[in-house]
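Peer 1: show me the folded form of this:
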Amino acid sequence: MSYAYVAVSISLMVYCQLILKWQVAGAGTIPEDAAGRLALALGLLINPWVVSALAAALLAAVSWMAALTKLDLSHAYPLVSLSFVAVTLASAWLLHEPLTALKLAGVALVCLGVAIGSQG
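Peer 2: This is a model prediction of the structure:
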C-alpha cells in the first residue's frame, strides 16, 4: 500500500504541474505594472483549474506523508524523480512541447537513477 501512496503523490504532482503550465500559458505575459501583475496573480489564484492544481499538491503532500509512515525516505525519495519523467512525456503529449533526443536521454538517465537509487 505504501507504493500506492507514492504513486498517488507522484500522479497528483504531475497533474498539478501540467494544469499550472496550461493555465499560466493561457494567462498571457506578465504585465509591467504592479497593478497588472497583482491582477494577473489574483486572477490565476481564483481560476478553478489553478485551485484544483493547488488542491492536488496538498493531497499529494498528504499521500506522501502516508507513504513515509511505511517507507524509508532514502528508499522512497528517488521514486519522486519519476515525476520528471511523467511531466516530460505528458507535456510533450498534452501541451505539444518538443521532445528532443536530449530530453529522452535525460528521461532514460532518470529512470536508471531511480532503479539504482531506490535499491536496498
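
Peer 1: could you pull out the helices for this structure?
Peer 2: 2-27, 34-45, 48-68, 73-80, 82-94, 101-117 (DSSP state H).

Peer 1: can you put those helices in CSV and add mean neighbour count and mean pLDDT?
Peer 2: C-beta: built from backbone N, CA, C; applies to glycine. Putting the helices of the chain into CSV (neighbours: other Cβ atoms under 10 Å; pLDDT from 0 to 100) gives the following:
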stretch, mean neighbour count, mean pLDDT
helix 2-27, 18, 96
helix 34-45, 12, 94
helix 48-68, 16, 97
helix 73-80, 15, 88
helix 82-94, 16, 95
helix 101-117, 12, 91
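
Peer 1: and the residue of the chain positioned farthest from its centre, how far is that from residue 39?
Peer 2: No residue in the chain sits farther from the centre than residue 33, which is 29.9 Å out by Cα atoms, centre = their mean. Distance from residue 33 to residue 39, counting by Cβ to Cβ, to the nearest Å: 9 Å.

Peer 1: do I have it right that residue 43 meets residue 27?
Peer 2: Yes - between residue 43 and residue 27 there is a contact under Cβ atoms under 8 Å: 6.9 Å.

Peer 1: so how far is residue 119 from the residue nearest to residue 12 when sequence neighbours are not counted?
Peer 2: Among residues not flanking residue 12 along the chain, residue 60 sits closest, at 3.7 Å (Cβ to Cβ, 6 or more residues apart in numbering). Distance check for residue 60 against residue 119: by Cβ to Cβ, it reads 24 Å.

Peer 1: same question, residue 105
Peer 2: Distance check for residue 105 against residue 119: by Cβ to Cβ, it reads 22 Å.

Peer 1: again, but for residue 76
Peer 2: Taken as Cβ to Cβ, the span from residue 76 to residue 119 is 12 Å.

Peer 1: same question, residue 40
Peer 2: From residue 40 to residue 119 the distance is 45 Å (Cβ to Cβ).

Peer 1: hmm, the residue nearest to residue 12 is touching residue 16, no?
Peer 2: Yes - using Cβ under 8 Å, residue 60 is in contact with residue 16, at 6.9 Å.

Peer 1: which residues are common contacts for these two?
Peer 2: Contact criterion Cβ atoms under 8 Å, 6 or more residues apart in numbering; residues shared by residue 60 and residue 16: none found.
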